[in-house]
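[1] I would like to see how this sequence folds:
(one chain, ligands or ions: 1)
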Amino acid sequence: MAAQERLVAERERARERVAALERDFAGLAEAASSAGTDDEHDPEGATLAFERQHAAALLDAAREQVAALDAALARLAAGRYGVCARCGQPVGDDRLAARPAALTCIRCAAAGSRP
Ligand SMILES: [Zn+2]
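    The predicted model follows:
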């Protein structure tokens, strides 16, 4: 599959995930307010609070994924897709197949996100 099609398909999936997680999160917020629970002293309230934190973390990750795929598509449009954003070496087909939104090669990714 061409890089563009793959990225667009991945972004579509990531957007659907964001939408689904937003519904989950809204449902949890509603459950918490309708139950009128006390997060600190009611065990059920604590569980809901934990689930909301978990849902919020998943939602953040899904939104980041959409942003990463947008960035990858922008790089593709600029002719820089598949070139490491840090060292300028090829990212590698295997890595792009596994992580289409990867902006750095495996060596730079292993070195962490430090500049
Ligand atoms: Zn690199």
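[2] Excluding residues flanking it in the chain, which one is nearest Ala71?
    Nearest residue to Ala71 in three dimensions, chain neighbours excluded: Leu103, at 6.5 Å (CB to CB, 6 or more residues apart in numbering). The C-beta positions use only the backbone N, C-alpha and C, and glycine is treated the same way.
[3] ok, Cys105 - how many residues close by?
    21 (other CB atoms under 10 Å).
[4] Confirm for me that it is in contact with Gln89.
    Yes: counting by CB atoms under 8 Å, Cys105 touches Gln89, with 5.4 Å between them.
[5] how close does Glu51 get to Ala20?
    15 Å (CB to CB, to the nearest Å).
[6] which one of those two has more residues nearby?
    Glu51 (16 against 13).
[7] And that one, which helix or strand is it part of?
    helix 43-77 (DSSP states H and E).
[8] Can you name the next helix or strand after that helix?
    Toward the C-terminus from helix 43-77 - assigned by DSSP H and E - lies helix 93-98.
[9] Leaving out sequence neighbours, find the closest residue to Ala55.
    Phe25 (4.6 Å).
[10] isn't that neighbour right up against Leu59?
    Yes: counting by CB under 8 Å, Phe25 does reach Leu59; the two are 5.9 Å apart.
[11] that older thread, quick check: buried residues in the helix holding Glu51?
    Residues of helix 43-77 classed as buried by neighbour count (16 or more other CB atoms under 10 Å): 45, 48-49, 51-52, 55, 58-59, 62-63, 65-66, 68-69, 72-73, 75-76.
[12] Could you do stretch 99-109 as well?
    Under 16+ other CB under 10 Å, the buried positions of stretch 99-109 are Pro100, Ala101, Ala102, Leu103, Thr104, Cys105, Cys108, Ala109.
[13] Mean confidence (pLDDT) on stretch 31-45, please.
    In this model, stretch 31-45 has a mean pLDDT of 67.
[14] what about that stretch, how long is it end to end?
    Here the two ends of stretch 31-45 are set 10 Å apart, with distance taken as CA to CA, to the nearest Å.
[15] And Glu10, how close does it get to Ala85?
    On the measure of CB to CB, Glu10 and Ala85 end up 18 Å apart.
[16] near the ion, which residues of this structure show up?
    Cys84, Arg86, Cys87, Cys105, Cys108 (CB under 5 Å from the ion).
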